[in-house]
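1. Structure for this input, please:
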Amino acid sequence: MNSLDTLIKRIEGERMELESHFAKSTDIVPFLDTIDSLGRMSAAEVTVSSVDILTDKSGLMVNLSAKGDFEAVYAFLLLLENSPYEMAFISTSLRGEDVTEENPVPEWTATFRLKLISFIL
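-> Numbers count the residues shown, from 1 in each chain. This is a model prediction of the structure:
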């Protein structure tokens with residue numbers, strides 16, 4: 001019994017790391033917190049507009065946008081691609097404002113439609 005307790009304690013960290021790569025339908029808050037954190041890290045203003053479980057229950061569909069200067073939006077994209085969650089980019093749109101004398105640093109907006117694959121129902 002003692003060796004079983006030791007084994008469980010030894011693999012606890014690995015189990016927690018593995019579980020952190022999956023979003024659960026009962027608690028997607030950690031996933032949304034990760035998205036929010038990536039926005040802060042990149043200095044992009046991130047908005048999640050919808051989160052839906054796919055009808056075949058194979059994943060979660062997430063629609064979100066990121067706004068900021070080009071560097072911030074691009075940094076958010078890189079961080080999103082390298083997040084601990086496995087996801088597929090279904091569609092992406094990137095738009096920038098025109099540069100004018102009044103607006104020398106245009107604001108960029110990226111919209112993403114993602115399928116979160118590492119999702120547990």
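2. Would you state the helices of this structure in chain order?
-> Secondary structure of the chain (DSSP state H): helices at 2-19, 29-42, 70-81.
3. pLDDT on the longest one, on average?
-> Put plainly, it is helix 2-19. Throughout helix 2-19, pLDDT has a mean value of 60.
4. what does stretch 62-79 give?
-> Average pLDDT, stretch 62-79: 96.
5. Between its first and last residues, how far does that stretch reach?
-> With CA to CA, to the nearest Å as the measure, the ends of stretch 62-79 fall 16 Å from one another.
6. List the contacts of that stretch.
-> For stretch 62-79, the surrounding residues in contact (CB atoms under 8 Å, 6 or more residues apart in numbering) are 35, 38-39, 41-51, 87, 92, 94, 96, 105-116. Glycine gets a C-beta too; all of them are placed from N, C-alpha and C.
7. Equivalent analysis for stretch 84-104, please.
-> Stretch 84-104 is contacted by residues 20-23, 31, 34, 61-62, 70, 73, 77, 80, 105-118 when judged by CB under 8 Å, 6+ apart.
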